[in-house]
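J.: sequence? don't have it. structure:
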């Protein structure tokens, strides 16, 4: 679903990839939409692990943590040859208008993700490392949304330059 | 294709919407992919018209032009109840990994779109209205990519708040 897209992933190809009979799919999931919602949760669970590793280490200065997080993501995207991007962003583009269920999960997980950024930014502000007066919550959401946009441009260009430019602006002109 | 997504728009539903026989489709387009590429071009042509109207008026200060452009887009998105977003962004998320043809069009049109922003930003810099020292070209690309990301979050939240926050950061903290 991450690699092929939501509509392009038929239940038949999902059960084939999982090597299970089609009936088993419906034992576990009421519909493809319900499956998509669980996939969204599972994706964010994994992402949250990375967020905790990088953003919650009190030994490292908050802005350095945030930068290390993006460096790690950029490394992974480079290894994936700039394909797939972020499943949450992909579903926002492809499915949010058509599924209230999945849209609800996106709101929740985008919110959770942003609040990790917000906490780091609030801490950096408290320490005087950021003088930008916009609220940490707003900046946290903006950083996430801009990252999602940089990923779209990366998918088109198949290069890390939108990601590197994102870092230049965020760490060189915004969180300063 | 804009409302339903690329994969979800079968050729059958396209010819039905256009009220033409299926054979006519293949008289004009070699494949759905070729059709998608033409749709991408047509979409940007229309968007370019709006860009020219708002961004190229020498009577208005360049930053005001840029802000008026986004205000107009936000008005249109509000009227569309925060659905559909940007076709280029949607195709970047759904199709860029799978079609070299459409990906090429996205690179071209994202580039064209960014350069309208770049020209406005360069003019504002020349007039001393922006002190941010990052290059106008980089800022133009960043503004477009961030806008695309704000649209994804808008699709999930079905509210204009990601768009208003985008404006706050871009015009209140970045292009200053």
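T.: In hand now; what should we look at? Keep in mind that what you see is a predicted model, and the values were worked out from it rather than measured.

J.: Find the closest residue to chain B in chain A.
T.: Closest to chain B within chain A is residue A:149: 2.8 Å, counting by C-beta to the nearest C-beta. Using the backbone N, CA and C atoms, a C-beta is placed for each residue, glycine as well.

J.: Nearest residue to that residue in space, ignoring adjacent ones along the chain?
T.: Leaving aside its chain neighbours, residue A:149 sits nearest to residue B:149 (2.8 Å; criterion: C-beta to C-beta, 6 or more residues apart in numbering or on different chains).

J.: Give me the secondary structure label for the one you found.
T.: Here residue B:149 is recorded as helix under DSSP: H, G, I helix; E, B strand; the rest coil.

J.: who touches it in this structure?
T.: Taking C-beta atoms under 8 Å, 6 or more residues apart in numbering or on different chains, we find residue B:149 in contact with A:89, A:144-152.

J.: redo that, cut-off 6 Å
T.: For residue B:149, the contact set (C-beta atoms under 6 Å, 6 or more residues apart in numbering or on different chains) comprises A:145-146, A:148-149.

J.: buried subset of the residues you listed?
T.: Neighbour-count burial (16 or more other C-beta atoms under 10 Å in any protein chain shown) is assigned, among the contacts of residue B:149, to A:145-146, A:148-149.

J.: Now render the residues you listed as CSV, adding pLDDT and distance to residue A:159.
T.: Shown next, in CSV, are these (pLDDT from 0 to 100; distance: C-beta to C-beta, whole Å):
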residue, pLDDT, distance to residue A:159
A:145, 98, 21
A:146, 98, 17
A:148, 98, 17
A:149, 98, 15
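
J.: Distance of the residue minimising distance to the centre of chain A relative to residue A:41?
T.: The centroid of chain A falls nearest to residue A:86 when counting by C-alpha atoms, centre = their mean (5.0 Å). Residue A:86 sits at a distance of 15 Å from residue A:41 (criterion: C-beta to C-beta, to the nearest Å).

J.: go on, residue A:27?
T.: Going from residue A:27 to residue A:41 by C-beta to C-beta gives 19 Å.

J.: what about the two, which has more around it?
T.: When residue A:27 and residue A:41 are compared for neighbours, residue A:41 comes out ahead with 12 against 8, by other C-beta atoms under 10 Å in any protein chain shown.

J.: Okay, and that one sits in which element?
T.: Under the criterion of DSSP states H and E, residue A:41 resides in helix A:32-55.

J.: Please enumerate residues in contact with that helix?
T.: Contacts of helix A:32-55 (C-beta under 6 Å, 6+ apart): A:1, A:11, A:29, A:65, A:68-69, A:87, A:99, A:101-102, A:105, A:109, A:116, A:120.

J.: Now with 8 Å, please.
T.: Identification of contacts with helix A:32-55 by C-beta under 8 Å, 6+ apart yields A:1-2, A:6, A:11, A:14, A:25, A:28-29, A:65-66, A:68-69, A:72-73, A:87-88, A:91, A:95, A:99, A:101-102, A:104-106, A:109, A:112-113, A:116-117, A:119-120.

J.: In stretch A:52-65, which residues are buried?
T.: Buried residues in stretch A:52-65, counted by 16+ other C-beta under 10 Å: A:54-55, A:62-63, A:65.

J.: The residues you listed: which two are farthest apart?
T.: A:54 and A:63 (12.1 Å; C-beta to C-beta).

J.: Could you confirm whether stretch A:23-31 reaches chain B?
T.: No. Remark: stretch A:23-31 sits outside contact range of chain B, by C-beta under 8 Å from any C-beta of the partner chain, the gap being at least 15.6 Å.

J.: so how far is that stretch off the chain centroid?
T.: Its chain's C-alpha centre and that of stretch A:23-31 lie 27 Å apart, by C-alpha atoms, centre = their mean, to the nearest Å.

J.: Over to stretch A:46-60?
T.: Between the centre of stretch A:46-60 and the centre of its chain there are 14 Å (C-alpha atoms, centre = their mean).

J.: got it, and stretch A:89-109?
T.: Counting by C-alpha atoms, centre = their mean, stretch A:89-109 is centred 13 Å from the centre of its parent chain.

J.: wait, does it contact chain B?
T.: Yes. With C-beta under 8 Å from any C-beta as the criterion, chain B is reached by stretch A:89-109 at A:89-90, A:92-94, A:96-98, A:103, A:106-107.

J.: Check which residues of that stretch are buried.
T.: Of the residues in stretch A:89-109, those buried by neighbour count under the rule 16+ other C-beta under 10 Å are A:89-99, A:102-103, A:105-107, A:109.

J.: Kindly report the same for stretch A:4-16.
T.: Under the neighbour-count criterion of 16+ other C-beta under 10 Å, stretch A:4-16 has A:4-9, A:14-15 buried.

J.: which residues in chain A form helices?
T.: For chain A, the helices defined by DSSP state H occupy A:11-18, A:22-28, A:32-55, A:62-79, A:87-94, A:100-126, A:136-157, A:161-169.

J.: will you turn these into CSV that also has distance to residue B:138?
T.: As requested, the helices of chain A are exported to CSV (distance: least, C-beta to C-beta, whole Å):
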stretch, distance to residue B:138
helix A:11-18, 40
helix A:22-28, 47
helix A:32-55, 25
helix A:62-79, 17
helix A:87-94, 22
helix A:100-126, 22
helix A:136-157, 12
helix A:161-169, 5
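
J.: ok, residues contacting stretch A:79-89?
T.: The contact list for stretch A:79-89 (C-beta under 8 Å, 6+ apart) reads A:1-3, A:39-40, A:43-44, A:77, A:90, A:106, A:109-110, A:113, A:147-148, A:151-152, A:154-155, A:157-160, B:93, B:97, B:149, B:152.
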